[in-house]
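Participant: coords please:
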Amino acid sequence: MSYIQDAIVPDDIPPPVLQPIPYPPAGQPFLENNIHYFNLGMLTIICPHYHALHFDCEKLTSSRVNYPKFGMCCLQGQIQLPPLQSLTGILYNYLTRNDYFSREFHNNIWQYNAAFAMTLVGVKINNSVTRQSGPYCFKIQGELDHLTGALLPHGDQTPIYAQIYILDTAEQLNVRKANNHNLDPVVMDNLQPMLLDNHPYIGHYHYAYEIIREKPIEEQEEITIRLHVNLQQDQRTHNLPTAEEIAVIIPENGIYHALDNRDVVLQARGERLEHISQNSLLYAALHYVLLFPKRENGWYLRILICGAQLREQGENAKQKDGEKQAHSQVVSDTCYYAYYLHVRDGPQPPLFYGGRLFQ
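Facilitator: You can find the predicted model right below:
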């Protein structure tokens, strides 16, 4: 028989010292004093040209103490565009208040906009991201296109998008409610008359439908109509075309030639969807009806910077005193949207209240 004797450890020997194992930053406990703040200051520096608000750190190096210069908002005064119209009425209330109907509107603003849009978005959504928990995220695969369909539904299909606008007012509302069971009927009741009274392009769809209806039945299937933008006004005024300058045109003998990339093509019937060029100034207003509910048009290729003269397409630069004249300069799409995305004092346009629709 063996005996196991307990080891006797003297009291004067200290225990071994364990070296701490460093944790990676993600595994360390959160401490408020570990936060490093970077303060941009106040958004109070005003561009001297068209009054966009900036942070002080956005100034160009050529700025003076009493004369700040900025390039992002208007290229130092080279870009001048008409202001977007401010909100009034029921849409303003829904976008700015915090009552039940306003929260319902904001939570479903994408669907409310689609219910009243005249065109649809052709896109493949990545649902692996959009259906996850956490902050809202809209992720797509491939290109994002705006499409328009026929003015009349195919067969017994329910009218959608612009097809709804050729119905009478009461039937329009009934169809929209039937297509969107989860949306609040009170909000729908209020939005429809607001858009019918303000959006300028709804009448163009009515007029196009009336033209088609007057044609013989055998011609209605083949006829193509286009919404054409007339850009004959003085380009030096820096004004965008208004709704009165959008013409409804039928090509001769029903044959469509020389498609202008600013035009929107409409057909009476058919299942084919027509692509709307991003160069069309109608591109945004026909789909984002809740962001552009009035007479706002979008970017197009022939918006001049201040002081520029537009050359005829394909014309070579003329010679003067042995030197080339300056090339005509137009506002790019990037500069166009940068101009409008800068905040200015006063009432703000619907863009800045759009929430998920603005993302």
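
Participant: next up, phi/psi of residue 120, please.
Facilitator: phi -120, psi 160 (degrees, to the nearest 10).

Participant: what bridges to it?
Facilitator: Listed by DSSP bridges, the beta-bridge partners for residue 120 are residue 147.

Participant: ok, it to residue 175 distance?
Facilitator: Residue 120 sits 15 Å away from residue 175, going by CB to CB, to the nearest Å. (Glycine included, C-beta is placed from N, CA and C.)

Participant: same check, this time on residue 32
Facilitator: Taken as CB to CB, the span from residue 32 to residue 175 is 55 Å.

Participant: how about residue 117?
Facilitator: 14 Å.

Participant: got it, and residue 182?
Facilitator: 15 Å.

Participant: who's more crowded, the two?
Facilitator: The neighbour comparison of residue 182 against residue 175 (other CB atoms under 10 Å) goes to residue 175, with 17 against 6.

Participant: now for that one: which residues touch it?
Facilitator: Residues near residue 175 by CB atoms under 8 Å, 6 or more residues apart in numbering: 158-159, 164, 167.

Participant: go on, residue 357?
Facilitator: Residue 357 touches 109-110, 113, 288, 290-291, counting by CB under 8 Å, 6+ apart.

Participant: buried stuff in the helix or strand hosting residue 92?
Facilitator: If you go by DSSP states H and E, residue 92 is part of helix 89-96. Residues 90-91, 94-95 are the ones in helix 89-96 that count as buried (16 or more other CB atoms under 10 Å).

Participant: what's the angle between the following helix or strand past that helix and helix 89-96?
Facilitator: On the C-terminal side of helix 89-96, the closest following helix or strand by DSSP H and E is helix 100-107. Angle of helix 100-107 versus helix 89-96, following axes from the mean of the first three to the mean of the last three CA atoms, to 10 degrees, is 70 degrees.

Participant: could you point out which element follows helix 100-107?
Facilitator: helix 109-116.

Participant: tell me the helices and strands packed up against that next one.
Facilitator: helix 169-179, helix 185-198 (3 or more CB pairs under 8 Å, 6 or more residues apart in numbering; DSSP states H and E).

Participant: and the angle from the last one to helix 109-116?
Facilitator: It stands for helix 185-198. Going by the same axes, to 10 degrees, helix 185-198 makes 60 degrees with helix 109-116.

Participant: repeat that for the first one.
Facilitator: Note on geometry: by the same axes, to 10 degrees, helix 169-179 and helix 109-116 are set 140 degrees apart in direction.

Participant: in helix 169-179, which residues are buried?
Facilitator: For helix 169-179, using 16+ other CB under 10 Å, the buried residues are 172-173, 175-177, 179.

Participant: can you redo those residues as JSON lines with distance to residue 102 and pLDDT?
Facilitator: Listed next are the buried residues of helix 169-179 as JSON lines, based on distance: CB to CB, whole Å; pLDDT from 0 to 100:
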{"residue": "172", "distance to residue 102": "23", "pLDDT": "91"}
{"residue": "173", "distance to residue 102": "20", "pLDDT": "93"}
{"residue": "175", "distance to residue 102": "25", "pLDDT": "92"}
{"residue": "176", "distance to residue 102": "20", "pLDDT": "93"}
{"residue": "177", "distance to residue 102": "20", "pLDDT": "93"}
{"residue": "179", "distance to residue 102": "23", "pLDDT": "92"}
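
Participant: quick one: average confidence on stretch 298-314?
Facilitator: Averaging pLDDT along stretch 298-314 gives 66.

Participant: kindly report the same for stretch 90-108.
Facilitator: Rounded mean pLDDT across stretch 90-108 is 93.

Participant: gap between the two ends of it?
Facilitator: 16 Å (CA to CA, to the nearest Å).

Participant: who touches that stretch?
Facilitator: Here stretch 90-108 makes contact (CB under 8 Å, 6+ apart) with 87, 112, 182-184, 186-187, 190-191, 194, 290, 293, 350, 353-356.

Participant: which residues of the protein score low on pLDDT?
Facilitator: For the chain, applying pLDDT under 70 flags the ranges 1-12, 34, 122-146, 221, 228-277, 295, 307-328.
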